[in-house]
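Trainee: Return atomic coordinates for the entry below.
(chains A and B)
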Amino acid sequence: MQMVLKNFLLIKSRHSDILLDLVDRCLFNVVIFSRFQIDQSYRWKSMMNVDNQDVNSIFAMALLKLRGPRGSDPALAILSQRFALDVSFGHPDAVSYVEKEIASHLRICYATTKDRTWSFTGYPSEPLVSCAAAHILHENTTYLWGALEALRTKVDEGLFEIGQSGELTSRLLLLLAKDTYVRKNLPENSQSYTTPDEDDKWRSDLIDCQQVSIVKFLEYLFGESFWTRAGHAAKEAFHHAYINFSHWTPLDEPISHKSKDGYVLCIVSKI
Amino acid sequence: MSYALLARYDSSNLLYRDSVSTEEWTLRHWHRTSAVQCCHYQSLVDQMIPIFFDDPALPLSDGKRMSQIFISDKAGQSSNEPGASFITRTHHSIACSSSLPFIALLLDLNGKTKLDVTFPQKEPNHSETDQCLRIYASGLTEETFPFLHSRPGVAKSLRGLISKPKEPMSDEYLQAQAHLKFGRRMDGSHLRWEEQSQTIELK
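Mentor: Model (predicted):
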């Protein structure tokens, strides 16, 4: 959590004049927690000191903000937040779409030019909001299908880019596979979004951020014969391996490039 | 009148940029539970998903326990199966070498249904042969991805998002397109005259 807080403060100090929106969002940013910290009770610690707050009320707030005002359809906003939808600049509805998401569905306006003709916007990496988005996306069996159809309509209209080789579909496929895997043992229409922890409600996992065994996930994704095909050695090699991704975040530069003095640089995007 | 234009948010310049090791980079994404969509000019791969090895036999440092799933997407009509063997984490634009195994996944979304998995072990000390689980998954169908059975209609919706419609490529279409672009000067006699291989007799 300290690492994330440091990053956030760095962002504020560099761009404190243009990132006012993020101040309101720090609530969601500071909840990130590594289960590999020394003491698991650090999770949600910042929330624990707020009067009358618990996991349920914080999550309910994220749901409320993401859904937006009554009567609005958050489907595209939900997909944008988790699957890094790429808005096409030239579409006539692009500006109104983005402005609506900023006003009602937690999209961030990072900056505007001085004459305010250009806006720089996006969904930053926010795991709690991603979990809220996943909760809405899977709250009933038809919502997901409806959201994908809404997305397909807008893709056909040219509002969203799909990538040159099916990148959008790939992102959808892999994250939806994980979504359905973590929910396969939950009762249908379950309202649960944390793993049960009877002893301490602040120590429970968000189900969309919990560790998932790669061995079990690949078996779920590709079928029960997967490890028979891969072989015992492969299964053994990944016996202790886990994934936990809850959302996609775009990188604007290559993963790595050589600096002038030969050191490898990595760009951390939207963190 | 005020009107707004959109601009891609350049996160690398605007928000946060730092120089870190690849281990630290992967670990940060693990902590944030984020997976990465690479930029369009990234070589070899399109996405990265962090892997954490929760193995008590490994060093206590979290960074030393990180590995990755690298994903390459294809949406062509022909098979791209050989491409799975080209994915490597040692390429200079990736540089994520590790002693831990990683996964290379090639998703051939428009291909015929097929799943192929390899885990070579012939050279136990070679980081790129014994440490990579290579998966070639072709065709966005319930046969390749059985979990789609549990979400009726989703596979069809996803197939509709793979690629934009291609222009018809029949001979008649190509000929008509050439005429639309260049007019009758695409006719053979005009081309020969332009190449000065045909003379025109003036009467």
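
Trainee: Give me the three-state assignment for the residue nearest to the spatial centre of chain B.
Mentor: Chain B has residue B:73 as the residue nearest its centroid, 3.2 Å off, counting by Cα atoms, centre = their mean. Using DSSP: H, G, I helix; E, B strand; the rest coil, the structure places residue B:73 in strand.

Trainee: Surely it is in contact with residue B:42?
Mentor: No - between residue B:73 and residue B:42 there is no contact under Cβ atoms under 8 Å: 11.4 Å. In short, each C-beta sits where N, CA and C put it, glycine included.

Trainee: Tell me where the model's unsure across chain B.
Mentor: Low-confidence segments of chain B (pLDDT under 70): B:1-19, B:121-130, B:184-186, B:194, B:197-203.

Trainee: now do 90
Mentor: B:1-25, B:32, B:40-41, B:43, B:57-64, B:76-99, B:120-131, B:151-152, B:163-203 (pLDDT under 90).

Trainee: all strands in it, in order from the N-terminus.
Mentor: Using DSSP state E, the strands of chain B run over B:5-7, B:34-37, B:47-53, B:66-74, B:102-108, B:114-118, B:132-138.

Trainee: Turn these into CSV, columns for distance to chain A.
Mentor: As requested, the strands of chain B are arranged in CSV below (distance: least, Cβ to the nearest Cβ, whole Å):
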stretch, distance to chain A
strand B:5-7, 5
strand B:34-37, 4
strand B:47-53, 5
strand B:66-74, 4
strand B:102-108, 5
strand B:114-118, 4
strand B:132-138, 5
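
Trainee: how about the helices of the stretch 51-200 of chain A, start to end?
Mentor: Ranges of helices within the stretch 51-200 of chain A are A:55-67, A:75-83, A:94-104, A:127-137, A:143-157, A:167-183, based on DSSP state H, counting those that start in this stretch.

Trainee: how about those helices in a markdown table, adding distance to residue A:119, mean neighbour count and mean pLDDT?
Mentor: Shown next, in a markdown table, are those (distance: least, Cβ to Cβ, whole Å; neighbours: other Cβ atoms under 10 Å in any protein chain shown; pLDDT from 0 to 100):
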| stretch | distance to residue A:119 | mean neighbour count | mean pLDDT |
| --- | --- | --- | --- |
| helix A:55-67 | 20 | 16 | 86 |
| helix A:75-83 | 15 | 24 | 96 |
| helix A:94-104 | 7 | 17 | 93 |
| helix A:127-137 | 20 | 25 | 93 |
| helix A:143-157 | 19 | 17 | 95 |
| helix A:167-183 | 23 | 22 | 96 |
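
Trainee: Redo the ones you listed as JSON lines? Include distance to residue A:231.
Mentor: Below are the helices of the stretch 51-200 of chain A laid out as JSON lines (distance: least, Cβ to Cβ, whole Å):
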{"stretch": "helix A:55-67", "distance to residue A:231": "42"}
{"stretch": "helix A:75-83", "distance to residue A:231": "33"}
{"stretch": "helix A:94-104", "distance to residue A:231": "46"}
{"stretch": "helix A:127-137", "distance to residue A:231": "33"}
{"stretch": "helix A:143-157", "distance to residue A:231": "34"}
{"stretch": "helix A:167-183", "distance to residue A:231": "22"}
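
Trainee: Any idea how far stretch A:149-165 is from the middle of the chain?
Mentor: Distance of stretch A:149-165 from its chain centroid, counting by Cα atoms, centre = their mean, to the nearest Å, is 20 Å.

Trainee: Now do the end-to-end distance for that stretch.
Mentor: One end of stretch A:149-165 to the other measures 20 Å (Cα to Cα, to the nearest Å).

Trainee: One more: stretch A:232-243?
Mentor: Using Cα to Cα, the two ends of stretch A:232-243 sit 20 Å apart.

Trainee: how about it: buried residues?
Mentor: Residues of stretch A:232-243 classed as buried by neighbour count (16 or more other Cβ atoms under 10 Å in any protein chain shown): A:234-235, A:237-238, A:240-243.

Trainee: how much space between residue A:118 and residue B:106?
Mentor: Applying Cβ to Cβ, to the nearest Å, the value for residue A:118 to residue B:106 is 38 Å.

Trainee: Repeat that for residue A:238.
Mentor: Taking Cβ to Cβ, one finds residue A:238 at 18 Å from residue B:106.

Trainee: returning to what we had before: quick one: which of the helices of the stretch 51-200 of chain A is nearest residue A:220?
Mentor: Closest to residue A:220 of the helices of the stretch 51-200 of chain A, according to Cβ to Cβ: helix A:167-183, at 4.8 Å.

Trainee: continuing past that closest one, what's the next helix or strand?
Mentor: Next helix or strand after helix A:167-183 toward the C-terminus (DSSP states H and E): strand A:212-213.

Trainee: what helices or strands is the next helix or strand after that next one leaning on?
Mentor: Downstream of strand A:212-213, the next assigned helix or strand under DSSP H and E is helix A:214-222. With contacts defined as 3 or more Cβ pairs under 8 Å, 6 or more residues apart in numbering or on different chains; DSSP states H and E, helix A:214-222 has these neighbours: helix A:167-183, helix A:226-230, strand A:241-243, strand B:132-138.

Trainee: Columns distance to residue A:133 on top of the ones you listed, output as TSV?
Mentor: TSV is the format used below for the helices and strands packed on helix A:214-222 (distance: least, Cβ to Cβ, whole Å):
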stretch	distance to residue A:133
helix A:167-183	10
helix A:226-230	29
strand A:241-243	18
strand B:132-138	26
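
Trainee: who wins for proximity to residue B:162 among these?
Mentor: helix A:167-183 (4.8 Å).

Trainee: so who does residue A:97 touch?
Mentor: A:76, A:87, A:159 (Cβ atoms under 8 Å, 6 or more residues apart in numbering or on different chains).

Trainee: is it true that the last one touches residue A:90?
Mentor: If I follow you right, that is residue A:159. No - Residue A:159 lies out of contact with residue A:90 (Cβ under 8 Å); the separation is 9.8 Å.

Trainee: In terms of packing, which of those two has more residues around it?
Mentor: Using other Cβ atoms under 10 Å in any protein chain shown as the criterion, residue A:159 and residue A:90 rank with residue A:159 on top: 20 against 8.

Trainee: Skipping adjacent residues, who's closest to that one in space?
Mentor: Excluding the flanking residues, the one nearest residue A:159 by Cβ to Cβ, 6 or more residues apart in numbering or on different chains is residue A:91, at 4.7 Å.

Trainee: And for residue B:110?
Mentor: Closest to residue B:110 by Cβ to Cβ, 6+ apart is residue B:75, at 5.1 Å.

Trainee: my guess is the one you found contacts residue B:109, does it?
Mentor: Yes - counting by Cβ under 8 Å, residue B:75 touches residue B:109, with 5.2 Å between them.

Trainee: any residues in contact with both of the two?
Mentor: With Cβ under 8 Å, 6+ apart, residue B:75 and residue B:109 have common neighbours A:166, A:169, B:162-163.

Trainee: Neighbour-wise, which one of these leads?
Mentor: Highest count within those by other Cβ under 10 Å belongs to residue A:166, 26 neighbours.

Trainee: what's around residue B:181, how many residues?
Mentor: 8.

Trainee: ok, it to chain A distance?
Mentor: Note on residue B:181: its distance to chain A, by Cβ to the nearest Cβ, to the nearest Å, is 23 Å.

Trainee: now swap in residue B:111 and tell me
Mentor: 11 Å.
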